[in-house]
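S.K.: Take a look and give me a structure for this.
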Amino acid sequence: MEGQPIRVVIAEDSAPPSARGPLRLRKIAVPSAYSNLDRFAVVIFGFICGVLQATGRFPRPIDAWTYWSADLSHLYPESWGIGGLYIYPPPLAQITNLLHPIGWGVFIVCWTTLLWAALAYMLGRWTWIFVALGIAAVPFGYGAPAELSDVLGHSLNGNVQLLIAAGLVVALRGNALGWLPALLTKVVSGIGLGWYVFRLEWRLLARALAVTAAACVVSFVFAPSQWGEWLGWIVNNSAAEAPVAVEPIPFLVRLPASLALLAWGARTKRAWVVPIAVGFGTPALYLGTYPSMWVGAIPLFLDPRGWRR
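M.R.: Sure thing, here's the model as predicted:
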């Protein structure tokens, strides 16, 4: 389909005519950004960034280092604070600890390349737009809107957010494994499962939950005490304030708004709302941290039937 400037997409699923609403047609451009060559260029750029990080020519990515250096014997801090403290469920820390024999250098090259591969999968050539926005914000320092540099910042800081966004795209295109990055790290991203609830797609919901449960069981068998520690940390810090600046809109306002958006998207077959709702519905919405989640809406918007294939 690459190379075609325009195509007509029927923005409906394969349900019987009696179960569908009025047929809607939408003309959308077929983005040349999604060619294999464009994606390959983005991945290679990510690989180069990883090499520069491994050799010390780029700053150490704080978030990736947090995942790598997590101490399984004492995984969680007493309180929520700054300074690269691990606060996710145990699986990510367990995986990175299993990879310690390969060394930090090899790990960060692979991890950074993986994050840029996620960008390549979601955006193709359009990745360079977000790279340019991030670079343009550098001269202004903290005076620039944080949203401009968020995507580039997360890709170089090693944050799992981009994997969550790409996972949502994978999940909405029919592979339940795509839910794992979200549900095993920033677990409130699970509000995206409301898409299945509002659409009454119980089999797909059960599949996503079963895959996640299986991963959790394996992790629990590996180290059951770590799950107890994580639950204890959640309880002890449930009322704690975020250690860094957050958006002024309270979670109790954003959560129902996100669920309402999911309900509207489910009823109108607009899967692109899921990354937006997930990004906006996180409990502690750090300043400007949602664009790296919202980019997952772009491929779903451009290909409205993609989530049904």
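S.K.: check contacts around the closest residue to residue 284 other than its chain neighbours.
M.R.: Closest residue in space to residue 284, ignoring its immediate chain neighbours: residue 242 at 4.2 Å, by C-beta to C-beta, 6 or more residues apart in numbering. C-beta: built from backbone N, CA, C; applies to glycine. Taking C-beta atoms under 8 Å, 6 or more residues apart in numbering, we find residue 242 in contact with 80, 284, 286.
S.K.: ok, residue 242 to residue 282 distance?
M.R.: Here residue 242 is placed at a distance of 11 Å from residue 282 (C-beta to C-beta, to the nearest Å).
S.K.: Which stretches in the stretch 51-200 of the chain count as strands?
M.R.: For the stretch 51-200 of the chain, applying DSSP state E, counting those that start in this stretch gives no strands.
S.K.: now the helices: where do they sit in it?
M.R.: 62-69, 90-98, 104-123, 127-137, 146-157, 161-172, 180-183, 194-199 (DSSP state H, counting those that start in this stretch).
S.K.: tell me the most buried of those?
M.R.: Neighbour counts (mean count of other C-beta atoms under 10 Å) averaged over each of the helices of the stretch 51-200 of the chain peak at helix 161-172, with a mean of 26.
S.K.: Give me the distance from that one to the chain's centre.
M.R.: How far helix 161-172 lies from its chain's middle: 5 Å, per C-alpha atoms, centre = their mean, to the nearest Å.
S.K.: Now do that helix and helix 62-69, the angle between them.
M.R.: 80 degrees (axes from the mean of the first three to the mean of the last three C-alpha atoms, to 10 degrees).
S.K.: quick one: contacts of helix 161-172?
M.R.: Helix 161-172 is contacted by residues 114-115, 118-119, 121-122, 151, 154-155, 177-182, 185-186, 189, 192, 195, 208, 271, 274-275, 278-279, 289, 292-296, 299-300, 306-307 when judged by C-beta under 8 Å, 6+ apart.
S.K.: and the angle from it to helix 146-157?
M.R.: 90 degrees.
S.K.: Confirm that residue 42 lies within a helix, as I assumed.
M.R.: Yes - under DSSP: H, G, I helix; E, B strand; the rest coil, residue 42 sits within a helix.
S.K.: ok, the nearest residue to it once chain neighbours are set aside - contacts?
M.R.: Excluding the flanking residues, the one nearest residue 42 by C-beta to C-beta, 6+ apart is residue 120, at 3.8 Å. Counting by C-beta under 8 Å, 6+ apart, residue 120 touches 38, 39, 40, 42, 43, 46, 127.
S.K.: could you flag which of these are buried?
M.R.: With burial judged by 16 or more other C-beta atoms under 10 Å, the buried subset of the contacts of residue 120 is 38, 39, 42, 43, 46, 127.
S.K.: Would you convert those residues into JSON lines that also reports pLDDT?
M.R.: Below are these laid out as JSON lines (pLDDT from 0 to 100):
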{"residue": "38", "pLDDT": "90"}
{"residue": "39", "pLDDT": "92"}
{"residue": "42", "pLDDT": "96"}
{"residue": "43", "pLDDT": "97"}
{"residue": "46", "pLDDT": "97"}
{"residue": "127", "pLDDT": "94"}
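S.K.: For stretch 35-52, which outside residues touch it?
M.R.: By C-beta under 8 Å, 6+ apart, stretch 35-52 touches 2, 32, 58, 108-117, 119-121, 123-125, 127-128, 155-156.
S.K.: Endpoints of stretch 47-65, how far apart?
M.R.: 17 Å (C-alpha to C-alpha, to the nearest Å).
S.K.: hang on, the earlier thing: looking at the buried ones among the contacts of residue 120, which is nearest residue 92?
M.R.: residue 46 (19.5 Å; C-beta to C-beta).
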